[in-house]
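**Q** below are the sequence and a predicted model; questions follow.
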Amino acid sequence: MLASETRVLNQNVVRDLTSNNDGIRKEAEDKVSQYLRLQVREEGFARKFYDVVEVTPADLDKQVDTPLPVIVKDKEPNSSGAYTVPFGTAPMDSNITAPRYRVMFDRVMSRRYVADVNTLLTYDMDIRQIFNDFILTDIMMEEDSKWITLVNRIVKRVAVNTVQPSLRSCQWIQAGVMDRPNMANAMRGLPSTRRRLNPAVALTNNLTVWDVVGFDRNTIGGDLAEDLFVNGFTERNLMGIKWILTIKQDLVPDNYVYYVASPKYLGDFMVLDNITMSTKHEDFILSFYAYECVGSTIGNDAALVLAEFTGSAHNWKTGALL
Amino acid sequence: MGNLSPSQMFEHTLVQVKGSPRLNRLDYAARPAVGEEILAGMVASLNSAGQLIVGMPAGVQGNRPMPIFAYNNYYDFDTNSDTDNMSGGVMAGLVATGGFEVESTEYNAAKAYAPNDMLCSGEHVGGDAGEIDLANASPYGAIPMCGVVSKGTSTNRDGIGILSFWTVYFPASIDQSSSSSSSSSSSSSSTP
């Protein structure tokens, strides 16, 4: 698009956002909100591990002690097991109980940006991109930061290379240098836990993934080695699971690869208020900010492990050196 | 016959009666320090790590904690969620210099309050940290002050006693660092 065309587009966006007609202004806000919602699915990584569900007020559960929004869910119960008995033996009783958990929501919002409307008319870039850069990136950063903090709280409950008693295996190991045997060993992390889930997605940063690109044809075969050499690494499947890359190296450090089970085993990502753009116009001052209300859980602590590709490879079951 | 009383959402509250509209008021959100049981309506302040703690230490010369009146409870779901939830982690309050009249449930009900009485956090007058109390002193002395009584005490529509006051901030001017009665971790590492 030519700069002149972009400016016309920008002028239209600003004109509509500052319109005295409530209908036009609301329509403009909705358009920007839709644009942000489209981007959010592409830019944040936390949502990529879930089947994101939009919930409505009707889905919320009341609590006595708080008016805050909550959804109560059931966990899959553990069974007591079957057994062999001689003829004539009465059954053993077992109470029916199933754990429940709450999905709690909070609000994530951007800063409120304030501008003289005329200063928005001189940009040659799409003004919606400016909204995106100012607002959405920060909201996604906060969302991803909160999610990875939760992930680390779970996988790092015990020290590296240490068996997590409730899982009967390690949840965080040093996996050695990134080569084919060590990557294969890292894939054993989730199936080694007592719940024996398989990994569905891996998360690493865009620096660590170059170790994969460095694999030669003897390691990964000629076609893939050539493709990676020519085209670099794009999000693709390796060893049967999807690899997600992030540029947020402060959230996903170098040499870290998180292995995560499929969404149905992981937990919830619920959106009560999808990202919404709020604008206010007084005379020549336009202010705008965006907010969302989301809740996410990791209901199954055996649905993720962390392989740190440093040092020497360790055994997931025992934490011992391989 | 039942005799349990489940806790209710209105037991601890801070109501802004007057002051800036909600979307423009001077509030502040921060992570609560570990173990700090801050209730809505309490006086809180920031420690040297920028985390909220119960009460408002007098501080030292050149570094005096600003009173912040909490409007979340430490156990609210948006402040501190259940394990394995991603929500929560921060709580918020009204900054005392924001120019508010507020009603708080967290005050020393054993005292009598008259209009224009100066208020402080309880730890400075032998009360509970974070609970609003009578300062019984002059501003800019040994006790940092955080409010001036407006209407005084009354009972709100939920039957809970409340104290109405204007938020202000008079920092202490006498260095209490060697005899601070704060229940919380140190608020400052600055030197004059």
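**A** That came through, no problem. Residues are numbered from 1 along each chain as shown, chains lettered A, B, ... in the order given.
**Q** only C-alpha atoms for contact and neighbour calcs from this point on.
**A** Noted.
**Q** all strands of the stretch 201-322 of chain A, in order?
**A** According to DSSP state E, counting those that start in this stretch, the stretch 201-322 of chain A carries its strands in the segments A:237-238, A:241-246, A:256-261, A:267-282, A:285-298, A:304-308.
**Q** now chain B
**A** With DSSP state E as the criterion, chain B has strands at B:14-18, B:27-30, B:43-46, B:52-54, B:68-70, B:91-95, B:101-104, B:118-121, B:132-134, B:145-155, B:161-170.
**Q** indicate which one of the ones you listed is closest to chain A.
**A** strand B:91-95 (11.2 Å; Cα to the nearest Cα).
**Q** hmm, that closest one touching chain A?
**A** No. Counting by Cα under 8 Å from any Cα of the partner chain, chain A is not contacted by strand B:91-95; separation bottoms out at 11.2 Å.
**Q** contact partners of that strand?
**A** B:25-32, B:66-74, B:78-79 (Cα atoms under 8 Å, 6 or more residues apart in numbering or on different chains).
**Q** re earlier: now distance to A:Ser4, mean neighbour count and mean pLDDT too, for the strands of chain B, in CSV please.
**A** Shown next, in CSV, are the strands of chain B (distance: least, Cα to Cα, whole Å; neighbours: other Cα atoms under 10 Å in any protein chain shown; pLDDT from 0 to 100):
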stretch, distance to A:Ser4, mean neighbour count, mean pLDDT
strand B:14-18, 49, 17, 95
strand B:27-30, 42, 16, 96
strand B:43-46, 50, 30, 98
strand B:52-54, 50, 30, 97
strand B:68-70, 50, 30, 98
strand B:91-95, 45, 24, 96
strand B:101-104, 52, 24, 97
strand B:118-121, 61, 28, 97
strand B:132-134, 61, 28, 97
strand B:145-155, 56, 21, 97
strand B:161-170, 53, 23, 97
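**Q** who does the most centrally placed residue in chain B form a beta bridge with?
**A** Closest to where the C-alpha atoms of chain B average out (Cα atoms, centre = their mean) is B:Val43, at 1.0 Å. Beta bridges link B:Val43 to B:Phe69, judged by DSSP bridges.
**Q** surely it touches B:Asn72?
**A** No. In this structure, B:Val43 is not within contact of B:Asn72 by Cα atoms under 8 Å, at 11.6 Å.
**Q** quick one: A:Asn10 is in a helix?
**A** Yes. Judged by DSSP: H, G, I helix; E, B strand; the rest coil, A:Asn10 forms part of a helix.
**Q** how far away is it from A:Phe49?
**A** 35 Å (Cα to Cα, to the nearest Å).
**Q** ok, now A:Val85?
**A** In terms of Cα to Cα, A:Val85 sits 44 Å off from A:Phe49.
**Q** more neighbours: which of those two?
**A** Using other Cα atoms under 10 Å in any protein chain shown as the criterion, A:Val85 and A:Phe49 rank with A:Phe49 on top: 21 against 9.
**Q** who are the neighbours in contact with that one?
**A** A:Phe49 touches A:201, A:260, A:262-263, counting by Cα under 8 Å, 6+ apart.
**Q** now swap in A:Ser287 and tell me
**A** A:112-115, A:279-281.
**Q** assumed A:Gln174 was part of a strand.
**A** Yes. Checked against three-state DSSP, A:Gln174 lies within a strand.
**Q** any idea what the closest residue to it other than its chain neighbours is bridged to?
**A** Spatially, and ignoring its direct neighbours in sequence, A:Gln174 is nearest to A:Glu308 (4.8 Å; Cα to Cα, 6 or more residues apart in numbering or on different chains). With DSSP bridges as the criterion, A:Glu308 is bridged to A:Gln174, A:Tyr256.
**Q** surely A:Glu308 and A:Val252 touch.
**A** No. The pair A:Glu308 / A:Val252 is not scored as a contact, 10.8 Å apart, by Cα under 8 Å.
**Q** among these two, which residue is more densely surrounded?
**A** A:Glu308 (23 against 20).
**Q** list the contacts of that one.
**A** Contacts of A:Glu308 (Cα under 8 Å, 6+ apart): A:172-176, A:255-257.
**Q** pLDDT wise, what is the residue of the stretch 51-200 of chain A found nearest chain B at?
**A** In the stretch 51-200 of chain A, the residue that lies nearest chain B is A:Asp65 (4.2 Å; Cα to the nearest Cα). A:Asp65 is assigned a predicted lDDT (pLDDT) of 83.
**Q** and A:Asp283, by the same measure?
**A** Reported pLDDT for A:Asp283: 85.
**Q** and it, how far from chain B?
**A** For A:Asp283, the distance to chain B equals 18 Å [Cα to the nearest Cα, to the nearest Å].
**Q** in contact with that residue, which residues?
**A** Residues counted as contacts of A:Asp283 (Cα under 8 Å, 6+ apart): none.
**Q** measure it to B:Glu106 for me?
**A** 42 Å.
**Q** with A:Leu150 instead?
**A** A:Leu150 is 33 Å from B:Glu106, by Cα to Cα.
**Q** of the two, who's got more company?
**A** Between A:Leu150 and B:Glu106, counted using other Cα under 10 Å, the more crowded position is B:Glu106 (23 against 20).
**Q** chain A contacts on chain B?
**A** Close to chain A, as judged by Cα under 8 Å from any Cα, chain B has residues B:6-9, B:76-78, B:81-82, B:84-88.
**Q** need these in CSV (columns: neighbour count, pLDDT and distance to A:Asn315).
**A** Shown next, in CSV, are these (neighbours: other Cα atoms under 10 Å in any protein chain shown; pLDDT from 0 to 100; distance: Cα to Cα, whole Å):
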residue, neighbour count, pLDDT, distance to A:Asn315
B:Pro6, 8, 83, 48
B:Ser7, 10, 85, 48
B:Gln8, 12, 87, 50
B:Met9, 15, 87, 49
B:Asp76, 19, 90, 41
B:Phe77, 24, 88, 38
B:Asp78, 22, 88, 39
B:Ser81, 20, 88, 34
B:Asp82, 17, 88, 32
B:Asp84, 22, 89, 26
B:Asn85, 25, 93, 29
B:Met86, 29, 92, 30
B:Ser87, 28, 91, 33
B:Gly88, 21, 87, 35
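**Q** now the two most distant members of those.
**A** B:Pro6 and B:Met86 (26.0 Å; Cα to Cα).
**Q** list the contacts of the residue of the stretch 51-200 of chain A closest to chain B.
**A** Applying Cα under 8 Å, 6+ apart, the residues near A:Asp65 are B:6-9.
**Q** where do the helices sit along the stretch 1-150 of chain A?
**A** For the stretch 1-150 of chain A, applying DSSP state H, counting those that start in this stretch gives helices covering A:3-17, A:22-43, A:127-131, A:137-155.
**Q** and stretch A:257-275, how far apart are its ends?
**A** Using Cα to Cα, the two ends of stretch A:257-275 sit 29 Å apart.
**Q** got the buried residues for it?
**A** Residues of stretch A:257-275 classed as buried by neighbour count (16 or more other Cα atoms under 10 Å in any protein chain shown): A:257-263, A:265-275.
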